[in-house]
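In: have a look at this prediction, sequence included:
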There are 4 protein chains.
Amino acid sequence: MARRPVIGVMGAGDGPRPQDLVMARELGAAVAREGWVLLSGGRDIGIMDAVNQGARAAGGLTIGVLRASDTKGVSDAVDIAIVTGMGSARNAINVLSSDVVIACGVGGTGTASEIALALQSKKPVVLLNDSEDSRRYFSRIGGALVSVADTVEAAIARARDLLAAAR
Amino acid sequence: MARRPVIGVMGAGDGPRPQDLVMARELGAAVAREGWVLLSGGRDIGIMDAVNQGARAAGGLTIGVLRASDTKGVSDAVDIAIVTGMGSARNAINVLSSDVVIACGVGGTGTASEIALALQSKKPVVLLNDSEDSRRYFSRIGGALVSVADTVEAAIARARDLLAAAR
Amino acid sequence: MARRPVIGVMGAGDGPRPQDLVMARELGAAVAREGWVLLSGGRDIGIMDAVNQGARAAGGLTIGVLRASDTKGVSDAVDIAIVTGMGSARNAINVLSSDVVIACGVGGTGTASEIALALQSKKPVVLLNDSEDSRRYFSRIGGALVSVADTVEAAIARARDLLAAAR
Amino acid sequence: MARRPVIGVMGAGDGPRPQDLVMARELGAAVAREGWVLLSGGRDIGIMDAVNQGARAAGGLTIGVLRASDTKGVSDAVDIAIVTGMGSARNAINVLSSDVVIACGVGGTGTASEIALALQSKKPVVLLNDSEDSRRYFSRIGGALVSVADTVEAAIARARDLLAAAR
């Protein structure tokens, strides 16, 4: 089996905190350096754009799974666009297609749905610098599937362990 | 326009608390008595089954939007099954099709995804007897879209107001 | 099990032939008189609107499974709108949710996809007054799943037999 | 914009003709040599497997958009699996994500649905060695969107023209 690990990174499209954008860019670069494929919502805004830009700059392969029915508004750092035309229903595809899901920064309702859908599908989720109420809530309903990380390095280390355990 | 109001009720399939099952049955009956259509995930377990049984007993019309690709496992109190074959992606349909979403009892990951997807689509959500951490988290990310209710009567009253405001 | 039979009627939204619109209206009325639920794409144009108007006038229950993410453009003869926000992917839901699919009149690409998706899911399809090349093509790839009818009466009779056989 | 052209190849999973399997393998290799990304249904059977094996052997990048909710049954020549868990509804994603759709060999109901969905979304479709009744039917309902090819070389040349025209 030659398939490469796929790391799904989810985060706010609208109104991300500046520090979360910086972190997303570092996270994308780190995913690329590990040789993992980056999967995201693929838009040209917020965490989605930043993580793709980081991965692209580090030579990674990037997949964007789009809500729209065409490629308008896709990040120019996305290599391959999966065009679903399904709106939020595509959130379910994002998590099923990822070996590990990393929620990056303080997320909104879209990110919350992706964390919950990941847990419903028994996918491991790493909450990277998410808010305290999110950590508490998802740790309770997700149990051992949920990890918490404060740095990109810690999130990558956790993803490495999760990928190793899944082999 | 003759379309009837649709109330989506979401809740745990597996392992609901006994008091939540009782409440779900009352909620289904109350939705039916208002003349509203009940929409749910349609399965024959947990909150889904209880709310449909309540609505059916009170003479209501019940729609089940199923994850499966056939009608195996559908509640026998569902009048019309919408068979999606889409797994969790159907959660997005449940909330888009509902005028008001009521999360009934302490929910798991599936309910959490439906609450989040509803908020992402700007649908009003009533949290009926949900846990404290869920109330706190979703009230923060959902803002004015989220209401909290402790009784079936309060949830129905809130839904009535929300439907009136949407006219 | 109290679920009522669901008949899915598919047909051209844009540019239907006038005689197909007349037939769709009759078909909707006949479905309603049988006590079956009518399921369609639910829009306010073409065959979709005509079949719903016919069913409504005859006192039937009508479900519209919408491509859009809201209820704009829904036929005013649809009782319950299932809002998918999924574009053409909802075509798969239409056929999975129907006990029998009737393709009404000479259809376009959307209808063709629904016939093919129905056959892929092993659902019986009745081609009512479809074109000769469509009858030939789908009869070959669908085999015994495909029936041909020239009148509303014949289509209804065939649906009745198919429903009886499925019990 | 660095996104690479994506060519979607659709064809029978079950019971393909031997000559169609040979042709699918050649087609996959030719897509890879053009530097295009190959997108398919991704399974380890029939045309899907053959086209991926051809592309892989020629050094191409292969995406499999799966009906299933996990990666069981995926072709071992797929580099990246998009796991939809949506059954036939994923057929809509396959065509929306492809710049050009090539239907390879005499297809069944699944391929028919993908051709029809592509045409509904205004995507160009090349019918490579499909049956006469399929060519006739889809050429009529699809008009200028449908091309016919008898050899892999002709299909690739047509795809090249279609990609150039879309720039």
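Out: Sure thing, it's come through.

In: and stretch A:9-22, does that touch chain D?
Out: No: on the criterion Cβ under 8 Å from any Cβ of the partner chain, stretch A:9-22 is out of touch with chain D, staying 15.3 Å away. All C-beta atoms are positioned from the backbone trio N, CA, C, and that covers glycine.

In: go through that stretch and flag the buried ones.
Out: A:Val9, A:Met10, A:Gly11, A:Ala12, A:Gly13, A:Pro16, A:Asp20, A:Leu21 (16 or more other Cβ atoms under 10 Å in any protein chain shown).

In: over to stretch A:148-162?
Out: Those would be A:Val148, A:Ala149, A:Val152, A:Ala155, A:Ile156, A:Arg158, A:Ala159, A:Leu162, for stretch A:148-162 by 16+ other Cβ under 10 Å.

In: and those residues as JSON lines, adding secondary structure, pLDDT and distance to D:Ala30?
Out: Below are the buried residues of stretch A:148-162 laid out as JSON lines (DSSP: H, G, I helix; E, B strand; the rest coil; pLDDT from 0 to 100; distance: Cβ to Cβ, whole Å):
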{"residue": "A:Val148", "secondary structure": "strand", "pLDDT": "98", "distance to D:Ala30": "48"}
{"residue": "A:Ala149", "secondary structure": "strand", "pLDDT": "98", "distance to D:Ala30": "45"}
{"residue": "A:Val152", "secondary structure": "helix", "pLDDT": "98", "distance to D:Ala30": "41"}
{"residue": "A:Ala155", "secondary structure": "helix", "pLDDT": "98", "distance to D:Ala30": "41"}
{"residue": "A:Ile156", "secondary structure": "helix", "pLDDT": "98", "distance to D:Ala30": "38"}
{"residue": "A:Arg158", "secondary structure": "helix", "pLDDT": "98", "distance to D:Ala30": "42"}
{"residue": "A:Ala159", "secondary structure": "helix", "pLDDT": "98", "distance to D:Ala30": "37"}
{"residue": "A:Leu162", "secondary structure": "helix", "pLDDT": "98", "distance to D:Ala30": "38"}
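
In: check those and tell me the two furthest apart.
Out: A:Val152 and A:Leu162 (15.5 Å; Cβ to Cβ).

In: ok, A:Arg140 - how many residues close by?
Out: Residues near A:Arg140, counting by other Cβ atoms under 10 Å in any protein chain shown, number 12.

In: please apply the same query to A:Glu132.
Out: A:Glu132: 10 neighbours (other Cβ under 10 Å).

In: and it, what are its phi and psi?
Out: phi -60, psi -40 (degrees, to the nearest 10).

In: any stretches of chain A with poor pLDDT?
Out: A:1-2 (pLDDT under 70).

In: up against chain C, what does it have?
Out: A:Ser69, A:Thr84, A:Gly85, A:Met86, A:Gly87, A:Ser88, A:Ala89.

In: nearest to B:Val74, of the residues you listed?
Out: Out of the residues of chain A next to chain C, the member with the shortest distance to B:Val74 (by Cβ to Cβ) is A:Ala89, at 20.8 Å.

In: wait, the closest one sits on B:Thr84?
Out: No: look at A:Ala89 against B:Thr84 with Cβ atoms under 8 Å: they stay out of range, at 9.5 Å.

In: give me the contact list for stretch A:109-118.
Out: Contacts with stretch A:109-118, where a contact means Cβ atoms under 8 Å, 6 or more residues apart in numbering or on different chains, come from A:8, A:10-13, A:41, A:88, A:91-92, A:94-95, A:98, A:101, A:103, A:107, A:124-125, A:127, A:134, A:138, A:141-142, A:145, B:88, B:91, B:109-110, B:112-113, B:115-117, B:119-120, B:137-138, B:141-142.

In: would you map the helices across chain A?
Out: For chain A, the helices defined by DSSP state H cover A:18-33, A:46-57, A:90-96, A:109-120, A:132-142, A:152-166.

In: and those helices as a markdown table, adding distance to C:Asp49?
Out: Formatted as a markdown table, the helices of chain A follow (distance: least, Cβ to Cβ, whole Å):
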| stretch | distance to C:Asp49 |
| --- | --- |
| helix A:18-33 | 47 |
| helix A:46-57 | 39 |
| helix A:90-96 | 29 |
| helix A:109-120 | 33 |
| helix A:132-142 | 44 |
| helix A:152-166 | 51 |
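
In: between all of the buried residues of stretch A:9-22, which two are separated the most?
Out: Longest span within those, Cβ to Cβ: A:Met10 and A:Leu21, 14.3 Å.

In: circling back: for the buried residues of stretch A:148-162, which one is nearest chain D?
Out: A:Leu162 (16.0 Å; Cβ to the nearest Cβ).

In: got the contact list for the closest one?
Out: A:Leu162 touches A:Asp99, A:Val100, A:Pro124, A:Val126, A:Ser147, counting by Cβ under 8 Å, 6+ apart.

In: go on, A:Pro124?
Out: Here A:Pro124 is in contact with A:Val100, A:Val101, A:Ala118, A:Leu145, A:Val146, A:Ser147, A:Leu162 (Cβ under 8 Å, 6+ apart).

In: now swap in A:Glu153 and tell me
Out: Contacts for A:Glu153 (Cβ under 8 Å, 6+ apart) come out as A:Ala30.

In: so which bits of chain A are right by chain B?
Out: A:86-93, A:96, A:107-110, A:112-113, A:115-117, A:119-121, A:131, A:133-134, A:136-138, A:140-142.

In: please, a ChimeraX command that selects the buried ones among the residues you listed?
Out: To isolate in ChimeraX the members of these that are buried, counting by 16+ other Cβ under 10 Å, one can use:
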select /A:86,87,88,89,90,91,92,93,96,107,108,109,110,112,113,115,116,117,119,120,121,133,134,137,138,141,142
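
In: got the end-to-end distance for stretch A:74-88?
Out: End-to-end distance for stretch A:74-88: 16 Å, by Cα to Cα, to the nearest Å.

In: again, but for stretch A:55-63
Out: End-to-end span of stretch A:55-63 (Cα to Cα): 11 Å.

In: distance from the chain centre to stretch A:32-43, please.
Out: 8 Å (Cα atoms, centre = their mean, to the nearest Å).

In: hmm, it touching chain D?
Out: Yes: residues of stretch A:32-43 contacting chain D under Cβ under 8 Å from any Cβ: A:Val37.

In: in that stretch, which residues are buried?
Out: For stretch A:32-43, by 16+ other Cβ under 10 Å, it's A:Ala32, A:Trp36, A:Val37, A:Leu38, A:Leu39, A:Ser40, A:Gly41, A:Gly42, A:Arg43.

In: quick check, nearest of these to chain B?
Out: A:Gly41 (11.8 Å).

In: roughly how far apart are the closest one and chain D?
Out: Look at A:Gly41 and chain D: by Cβ to the nearest Cβ, to the nearest Å, they are 13 Å apart.

In: burial of the residue nearest to that residue when sequence neighbours are not counted, as a residue count?
Out: Nearest residue to A:Gly41, sequence neighbours excluded (Cβ to Cβ, 6 or more residues apart in numbering or on different chains): A:Met48, at 4.8 Å. A:Met48: 28 surrounding residues under other Cβ under 10 Å.
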